[in-house]
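Chemist: Here is my input, please return the structure:
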Amino acid sequence: MHRDIAALRETETRSISPENPTGERGGGARATDGTGAAAARDLGVGWKVSPSVAIAPHSTYDLAQIAGPGRITHIWLTTHTSNWRRLLLRAYWDGAQEPAVEVPVGDFFGQGWGQFAQVNSAMIAVNPHGGFNSYWPMPFADGARLTLENLSDDEAIVYFQVTYEIGEQPGSARLHAQWRRSNPLPEASPHVLLEGVQGRGHYAGTYLAWGVNSSGWWGEGEIKFYLDGDQAGGHPTICGTGTEDYVGGAWNFDVPGQGYTMFSTPYLGMPQVIRPDGLYRSQQRFGMYRWHVPDPITFRSELAVDIQALGWRSGGRYLPLRDDIASVAFFYLDRPSTRRPPSPVADALEIL
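Modeler: A predicted model of the protein is given here:
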């Protein structure tokens, strides 16, 4: 995945930010107006005149529009925590009318609960206090467009930088990311991460914002990957052994004497545990990720993914749970768009 840093490349690097909204060569630090104009009034052009943008309520802002072939290599973004579930990030590849990425900005960066959690992973890094970084490679052959839609009634201030290279990207698939939420999960039903994906590609990662709605252990559920016609037969090719196992943990994430123990590694982790506070937070909430980067799950024609919510009842019997589960499924596909769920609306995104 990571190319040899010493190898010479034929591509050229560009970067889009409020100070260079087109990414053109020599186009940076030219702003004469912007969110920093008042602070820079004694210094003038070139002195942080436009470090951020203001996105009006119920409007969409183009973060980046890039022509031709290329690859987005890094996204840095920050905004107030109140916007993490109010801003909807979309990405369009190769002139497609439908987005390949459509995810609340917080969930895309592993912050589904609107509360900061430090993430130290290879693909997503989130640093104090809310510095969002994405290293998911985002190649395209004929243009890219990134947008943020503000679903709230309030203006949103956003700082960002999109770094990319221009040049051919032969043999590259397109990044897709889809958000879904079950709140609560229907009785004795799995939470769906993906369904009806058509084409050739590979599954690349999962983020889960998991709210537990009952007492007791909640993480016995299996994740299932239905590959290339599996669903017609009713059984998956790949079946996990438990929720905590899937993200690389074991035995309830319980270090004796410490209880639930957070961890964040390059490709898997549980960086967030939100405990009841005796006032408004009545239930436990967790943030977890699993990046299938060294071990992508490949498929030839179709893919579906779901996960169970499972605990224990008396007599050592399993208990299907009705938890609040939100997920982001990351995958690469040989086409710029595919089947996706309806666009999230503000009420569905609300943190309860």
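Chemist: residue closest to the middle of the protein?
Modeler: residue 108 (2.0 Å; C-alpha atoms, centre = their mean).
Chemist: Who are the contact partners of the residue of the chain most remote from its centre?
Modeler: Relative to the C-alpha centroid of the chain, counting by C-alpha atoms, centre = their mean, residue 42 is the outermost residue, at 39.9 Å. Residues near residue 42 by C-beta atoms under 8 Å, 6 or more residues apart in numbering: none. Placement of C-beta: from N, CA and C, glycine included.
Chemist: What backbone torsions are found at it?
Modeler: Main-chain dihedrals, residue 42, degrees, to the nearest 10: phi -90, psi -10.
Chemist: what about residue 225, which SS state?
Modeler: strand (DSSP: H, G, I helix; E, B strand; the rest coil).
Chemist: who does the nearest residue to residue 197 once chain neighbours are set aside bridge with?
Modeler: Nearest residue to residue 197, sequence neighbours excluded (C-beta to C-beta, 6 or more residues apart in numbering): residue 303, at 4.4 Å. When bridges are called by DSSP bridges, residue 303 pairs up with residue 197, residue 227.
Chemist: What's the local residue count around residue 303?
Modeler: Using other C-beta atoms under 10 Å, the number of residues around residue 303 comes to 29.
Chemist: That one reaches residue 225, doesn't it?
Modeler: Yes. If you go by C-beta atoms under 8 Å, residue 303 and residue 225 touch, sitting 7.2 Å apart.
Chemist: list the residues that contact both of the two?
Modeler: By C-beta under 8 Å, 6+ apart, the residues touching both residue 303 and residue 225 are residue 203.
Chemist: Do a quick rundown of the helices in the chain.
Modeler: 105-108, 230-233, 243-246, 346-349 (DSSP state H).
Chemist: Which one, of those, ends up nearest to residue 56?
Modeler: Checking the helices of the chain against residue 56 by C-beta to C-beta gives helix 346-349 as the closest, at 15.2 Å.
Chemist: Can you mark which positions in the closest one are buried?
Modeler: 348, 349 (16 or more other C-beta atoms under 10 Å).
Chemist: Check stretch 77-97 too.
Modeler: Neighbour-count burial for stretch 77-97 [16+ other C-beta under 10 Å]: 77-79, 83-94, 96.
Chemist: Restrict it to CA atoms and write it as PDB.
Modeler: Output of stretch 77-97 as PDB, limited to C-alpha atoms (Å, rounded to 0.1, in the frame of the first residue of the first chain):
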ATOM      1  CA  LEU A  77      -9.800  19.100   8.600                       C
ATOM      2  CA  THR A  78     -11.000  20.600  11.900                       C
ATOM      3  CA  THR A  79     -14.300  22.200  13.000                       C
ATOM      4  CA  HIS A  80     -16.200  22.600  16.300                       C
ATOM      5  CA  THR A  81     -17.400  19.400  17.900                       C
ATOM      6  CA  SER A  82     -21.000  20.400  17.500                       C
ATOM      7  CA  ASN A  83     -20.500  20.100  13.700                       C
ATOM      8  CA  TRP A  84     -19.200  16.500  13.700                       C
ATOM      9  CA  ARG A  85     -22.600  15.000  13.100                       C
ATOM     10  CA  ARG A  86     -24.000  18.000  11.300                       C
ATOM     11  CA  LEU A  87     -21.600  18.200   8.400                       C
ATOM     12  CA  LEU A  88     -22.000  15.500   5.700                       C
ATOM     13  CA  LEU A  89     -18.800  14.700   3.700                       C
ATOM     14  CA  ARG A  90     -19.300  13.500   0.100                       C
ATOM     15  CA  ALA A  91     -16.800  12.500  -2.600                       C
ATOM     16  CA  TYR A  92     -17.500  12.200  -6.300                       C
ATOM     17  CA  TRP A  93     -15.100  10.500  -8.700                       C
ATOM     18  CA  ASP A  94     -14.800  10.700 -12.500                       C
ATOM     19  CA  GLY A  95     -17.700  13.000 -13.000                       C
ATOM     20  CA  ALA A  96     -20.300  10.700 -11.400                       C
ATOM     21  CA  GLN A  97     -23.600  12.200 -10.300                       C
END
